[in-house]
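*Asks:* this one's structure only:
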């Protein structure tokens, strides 16, 4: 009887330890959680929403929402922090901002802007307004995205510190923490993030 109880205890312990190890592996190497901090991704993401991100992706695509480490986002040579932005330019792309027209150009072509249902869509993604702020990027200049870098912008175009700012600049791919895949909170908006 004692042997049977002891064997059962070992089997339960082994199962629980295996499950814990799998959870740790998944949360360390595959997915992890993050919280939205600020309004730079309005209207797509709101402050304090909880998201899951994946470290496993073969390559980034235009329009992906990513968590990146911005080394000097506050302009104070601080330790930097993780921020959430949308990929606008990939390595080899050129990006230009036309604030008079409110347009973003990629490789010489304007990202299509559409107004419907009281919302602004750029390249089929909801943004807060047309792009009227260029921060540190000179007007009418094509910026080449270097190899192993991405150009990112927040969806709250005129109030987002992103690749247009010298404090953030182009993001080295080594500083891309992961791609946003799922919104967890609020539960009423639970689902895939686009």
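*Replies:* Received it, and whenever you're ready, just let me know what you need. Predicted, not measured: the structure shown is a model, and the values here were computed from it.

*Asks:* Check which helix or strand the residue most central in space within the chain maps to.
*Replies:* Centroid-nearest residue in the chain: residue 66, 2.0 Å away (criterion: CA atoms, centre = their mean). Per DSSP states H and E, residue 66 falls inside strand 65-70.

*Asks:* Name the residues of stretch 185-194 that come out as buried.
*Replies:* Neighbour counts over stretch 185-194 (16 or more other CB atoms under 10 Å) mark residue 193 as buried. No exception for glycine: its C-beta is placed from N, CA and C like everyone else's.

*Asks:* residues contacting the residue nearest to the centre of the chain?
*Replies:* The neighbours of residue 66, taking CB atoms under 8 Å, 6 or more residues apart in numbering as the test, are 53, 60, 84-87, 150, 152, 176-180.

*Asks:* tell me which of those residues is nearest to residue 128?
*Replies:* Minimum distance to residue 128 across these is 11.9 Å, recorded for residue 86 (CB to CB).

*Asks:* Next one: the nearest residue to the closest one once chain neighbours are set aside from residue 179, what distance?
*Replies:* Nearest non-adjacent residue to residue 86, counting by CB to CB, 6 or more residues apart in numbering: residue 65, 5.4 Å away. Remark: distance between residue 65 and residue 179 (CB to CB, to the nearest Å) = 7 Å.

*Asks:* ok, back up a step: now pLDDT and secondary structure too, for the contacts of residue 66, in CSV please.
*Replies:* CSV is the format used below for these (pLDDT from 0 to 100; DSSP: H, G, I helix; E, B strand; the rest coil):
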residue, pLDDT, secondary structure
53, 94, strand
60, 94, coil
84, 96, strand
85, 97, strand
86, 98, strand
87, 98, strand
150, 97, strand
152, 97, strand
176, 94, strand
177, 92, strand
178, 92, strand
179, 94, strand
180, 95, strand
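
*Asks:* Please convert the residues you listed to TSV, extending it with distance to residue 161 and neighbour count.
*Replies:* Putting the contacts of residue 66 into TSV (distance: CB to CB, whole Å; neighbours: other CB atoms under 10 Å) gives the following:
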residue	distance to residue 161	neighbour count
53	20	22
60	20	16
84	12	27
85	9	27
86	14	26
87	16	23
150	16	25
152	11	27
176	17	22
177	17	16
178	20	20
179	20	18
180	18	25
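
*Asks:* Looking at strand pairing, list the partners for residue 84.
*Replies:* residue 67 (DSSP bridges).

*Asks:* Hmm, it is touching residue 34, no?
*Replies:* Yes: the criterion here is CB atoms under 8 Å, and residue 84 meets it with residue 34 at 7.4 Å.
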